[in-house]
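Engineer: coordinates for the following, if possible.
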Amino acid sequence: MTVMSFLAETMYACGLRISELLNIKPGDIDSKRNMLCVQNAKGKKDRLVTLSEKTINILREYYKVYRPSNYLFEGQKPGSQYTRSSFNAVLKRSAMLSGVKKNVHAHMLRHSYATHLLENGTDLRYIQTLLGHNSSKTTEIYTFVSQKSISNIVSPFDDMDI
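Structural biologist: This next block holds a predicted model:
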């Protein structure tokens, strides 16, 4: 797998902002508790994000191959941070090569994470905490995106014996 694959999978799996992703250090991962401590996230707040066993295994595989020294995802120069511009350039190129016609950007992975959680029945308050939103209003933007949830609603009329 390429570095970009690891970056994109981690970003989606944890619902991270690009700055949060690029600031991860190996010590931020607590594989015993299946948690990632996001340091100095938006608003200079720390937060915990759950890590699935699958994500932990992906990160272990990445660590074995790339052996980062400072940041988990390092740039060309050992110890330097992978850059936002490199991430965006590779993401756009990957989308283009895959035939995706939309204007793809990194934040789409975070939006997809939140939307998929909502569609799978996760309570909006939990999503708010996972995303690090202060206000529920910020998280509520995902409620209009999820058409799948609306189409699964059964009218109470259908349950009536008439």
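Engineer: residue 41 reaches residue 20, doesn't it?
Structural biologist: Yes: counting by CB atoms under 8 Å, residue 41 does reach residue 20; the two are 5.5 Å apart. For glycine as for every other residue, the C-beta is placed from the backbone atoms N, C-alpha and C.
Engineer: more neighbours: which of the two?
Structural biologist: residue 20 (22 against 18; other CB atoms under 10 Å).
Engineer: in what element of secondary structure is that one found?
Structural biologist: helix 18-22 (DSSP states H and E).
Engineer: what packs against the following helix or strand past that helix?
Structural biologist: For helix 18-22, the following helix or strand on the C-terminal side (DSSP H and E) is strand 29-30. Applying 3 or more CB pairs under 8 Å, 6 or more residues apart in numbering; DSSP states H and E, we find strand 29-30 packed against strand 35-41.
Engineer: let's see that with 10 Å instead.
Structural biologist: strand 35-41, helix 53-66 (3 or more CB pairs under 10 Å, 6 or more residues apart in numbering; DSSP states H and E).
Engineer: mind checking what helix or strand follows the longest one in sequence?
Structural biologist: For helix 53-66, the following helix or strand on the C-terminal side (DSSP H and E) is helix 84-97.
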